[in-house]
Structures are given as C-alpha cells and as structure tokens.
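Peer 1: Would you be able to build a 3D model of this:
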Amino acid sequence: MEKEYLTMGKLEGKVAIITGAGRGLGKQIAIRFAEEGAKISICARSLDRLADTEEKCRQAGAEVFCCVCDVTKISDMEAYVAATAAHFGGIDILYNNAMATTCGRKPFESHTQEDFDAFYQSGLMGSFHMMRLCFPWLKKSGHGKVICIGSGAGVEGQDGLAAYGAIKEATRAMARTAAREWGKYNINVNTINPGAITDFYYEELAQLPEEERDPVKLGFNPTTIGRFGDAYEDIAPVAVFLASEDSRHITGQTIMAEGGVTMIP
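Peer 2: Numbering: from 1, shown residues only. Below is the predicted model:
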C-alpha cells in the first residue's frame, strides 16, 4: 500500500509581519509567504495600498490581518505589533521592508540633512523599533526569524546614494548585533541584499519611451547571469528560506541575492 504524504508549506501556521507590503518587494514577499502557509500581517501608511496584496494573499489561502502603520511613528508600530499579536496569538517572523523613498540619485554634496533624517527614521529606526517590539513574541515562539533589507548601495558605495546606502549599512550592522545577542533565544536575524525589478519599477519603465526602457537607467547594475532579478521569482524564495526552519543554523549573515552584481569590478 502506497503511503500518502501531506504536503505542507515551509511556513505553515507561522505568523509573519511584513512592513511596507503595499507594493514592490514587500508585496511579493507577503504573497509568497502566504503561498507557503503563513498567517500574514501586513501594514502600510493607508489601507488602500494593501488592498491588492491582501486579496492575493487570501487567494493563496492565508488568513490576513491589515493595519495602517507609519514606521516613522513609534505609537503606530506599538499599536500594530500589539494588534497583530492579539489577532493571531503570537508572532514568529518579522520582515523589515518599509523605508521611505525620499530622494533619487544625486551627488554626495547635494544630499541634505532631510535626506538622511528621512531614511534614518523610516529605514533604520523603523526596523529597530519593529525588532524591539516583536522581540518578546519572537522569543516566546521559540523559533523567531527576523529578516532585514540591505542594499548594494551601501556595500558597493553606489554613485548618488550616499544617504540611502549609509542607512542600509547601518541596518545590516544592527541586524548582526541582534543576531549575536538573540541567538540564545533561538532567534535568527539575517539580511537580504536584493537586486530585483518590482511592480513599482515596471510602472516607472512604462512611463518611458520604449527605446529607453532600460533598467540600468533606473539604477540597476548589470549582473553576471545576464538578466535582472524578479522580486517574486528570485528574492521571495530567499526570504522564505530565511523565514523557515531550513535556515535554523544561519544567523548574522547577509545574503547577496543580486545576480552577482558585487562580483563585477
């Protein structure tokens, strides 16, 4: 008699918070987590931004909780984390995605204090407070996972991205410290440096004349594998791995999911 095997997703039953899930990478991560069986908690600065993400996660069979949360406001984050924990009974995974996009590429000397402050508050401090607030629940889960987002802008020192790159590197450093301190609680903390085109960038490309629809013009560097990454196909599976028990022996690391861009001199 043949055995029957029950197929389960890698994140079956886990409660995952994804910040900034209204579009871009956060949206695709939320959808992929839902497909892997996670219970999804998503936030953005307005509920309208979350409508499509929520629908696609529900279509994947996930229970979804949506909340308005501005990650530059501590009170918003406190309310969001508390509401998520109350709704699901706990928190197992935190995916720190939200970060303001306040300025495009511009020379170092043209950057302002306001540029740094906006990235600092939304990117670094937003991630810090979400980690701090989720910590008791991650500890209680016994298998907590935190994923932060870095960038080649910091690793490579990309032109025109002084403020953005600096804050992304600070986030990586913070994640490594948390990984060292929280390892005793069986909490894994890692960073993904993603290189992928999202729906947001496709929309940007669509506004350009056809002959100018080159991702390089939007800041994407050539890859060693000859194609640009896709958020859902290339980055989301890495996030699933880091959020699952498959990565239980990996912490304090930065996964360069960018097609080998940093290998190119």
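
Peer 1: which residues in the stretch 1-150 of the chain form helices?
Peer 2: 24-35, 51-59, 74-88, 113-119, 126-141 (DSSP state H, counting those that start in this stretch).

Peer 1: Need the winner for burial among the ones you listed.
Peer 2: helix 24-35 (a mean of 26; mean count of other CB atoms under 10 Å). The C-beta positions use only the backbone N, C-alpha and C, and glycine is treated the same way.

Peer 1: That one packs against which elements?
Peer 2: strand 15-18, strand 39-44, helix 51-59, strand 93-95, helix 199-206, helix 236-243 (3 or more CB pairs under 8 Å, 6 or more residues apart in numbering; DSSP states H and E).

Peer 1: For the protein, give me the ranges with low pLDDT.
Peer 2: 1-7, 102, 217-219, 264-265 (pLDDT under 70).

Peer 1: any idea which helix is longest in it?
Peer 2: When the chain is parsed with DSSP state H, its longest helix is helix 162-182.

Peer 1: Flag every buried residue along that one.
Peer 2: 162-172, 174-176, 178-179, 182 (16 or more other CB atoms under 10 Å).

Peer 1: Restrict that helix to CA atoms and write it as CSV.
Peer 2: What follows is helix 162-182, C-alpha atoms only, in CSV (Å, rounded to 0.1, in the frame of the first residue of the first chain):
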residue,chain,number,x,y,z
ALA,A,162,25.1,58.4,0.0
ALA,A,163,22.2,58.7,2.5
TYR,A,164,20.4,55.5,1.3
GLY,A,165,23.5,53.4,1.3
ALA,A,166,24.7,54.6,4.7
ILE,A,167,21.4,53.8,6.4
LYS,A,168,21.2,50.4,4.7
GLU,A,169,24.7,49.6,6.0
ALA,A,170,23.7,50.7,9.5
THR,A,171,20.7,48.4,9.3
ARG,A,172,23.0,45.5,8.4
ALA,A,173,25.2,46.3,11.4
MET,A,174,22.2,46.4,13.7
ALA,A,175,20.9,43.1,12.4
ARG,A,176,24.3,41.4,13.1
THR,A,177,24.3,42.7,16.7
ALA,A,178,20.7,41.4,17.2
ALA,A,179,21.8,38.0,15.8
ARG,A,180,24.6,37.8,18.3
GLU,A,181,22.5,38.8,21.3
TRP,A,182,19.3,36.9,20.4
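
Peer 1: now what about the helix or strand that that helix is followed by, what contacts it?
Peer 2: Going down the chain from helix 162-182, the next helix or strand is strand 188-194, by DSSP states H and E. Under the contact criterion CB atoms under 8 Å, 6 or more residues apart in numbering, strand 188-194 has outside partners 25, 131, 144-152, 155, 171-172, 175-176, 178-179, 182, 229, 231, 235, 238-239, 242, 247-248, 250-258.
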